[in-house]
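> Sequence first, predicted model second:
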Amino acid sequence: MGAEAGGRPKRTIIREIRGIPFFLLKEYLAELGGSVSSEGRVEGPGWWAELERMEPFRIGSLSVGQTKVTLEIDEHLADDFMDRFALKTLRAGA
């Protein structure tokens, strides 16, 4: 469990996401109720997320973009939010 702000317990969740463009992750977070407040920050009711571009993930000659997402969210919102975020970021194999 993370820090408390305003008397509410917070949870910090950090994920490294591969293969989804930076701009699309911002769109997904906006669709989950957030507003883009700066290039790499999206804020919603009871949460905020920082997105950070990372070096591409490489396997041999294959290069895949990746983004680090740091989410700070009210504890009581976390499980539902992460379930909905996981559905947005789900990718099927080819």
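Yep, that arrived. Residues are numbered from 1 along each chain as shown.
> For the rest of this, base every contact and every neighbour count on C-alpha atoms.
OK.
> Could you give the number of residues near the residue nearest to Thr89 when sequence neighbours are not counted?
Leaving aside its chain neighbours, Thr89 sits nearest to Ile20 (7.6 Å; criterion: Cα to Cα, 6 or more residues apart in numbering). Using other Cα atoms under 10 Å, Ile20 has 15 other residues around it.
> how near is Gly33 to Leu51?
Gly33 is 16 Å from Leu51, where distance means Cα to Cα, to the nearest Å.
> and stretch 78-94, how far out from the chain's middle?
The chain centre lies 10 Å from the centre of stretch 78-94; the measure is Cα atoms, centre = their mean, to the nearest Å.
> Extract the residue ranges of the protein that are flagged as low pLDDT.
Along the chain, segments meeting pLDDT under 70 span 1-6, 92-94.
> what are the ranges of the strands in it?
Secondary structure of the chain by DSSP state E: the strands cover 4-5, 8-18, 35-38, 41-44, 47-59, 62-74.
> Within the sheet, what are the partner strands of the third one, with directions?
Next to strand 35-38 in the sheet, as set by DSSP bridges, lie strand 41-44 (antiparallel).
> So which residues make contact with the strand it pairs with?
Identification of contacts with strand 41-44 by Cα atoms under 8 Å, 6 or more residues apart in numbering yields 26, 29-30, 33-37, 48-51.
> okay, among the residues you listed, which ones form the most distant pair?
Gly33 and Leu51 (16.0 Å; Cα to Cα).
> And these two? Which one has more around it.
More crowded of Gly33 and Leu51, by other Cα under 10 Å: Leu51, with 21 against 12.
> packing partners for the lengthiest helix in the chain?
Using DSSP state H to define each element, the chain has its longest helix at helix 75-89. Packed against helix 75-89 by the contact rule (3 or more Cα pairs under 8 Å, 6 or more residues apart in numbering; DSSP states H and E) you find strand 8-18, helix 22-31.
> Cool, thanks, talk later.
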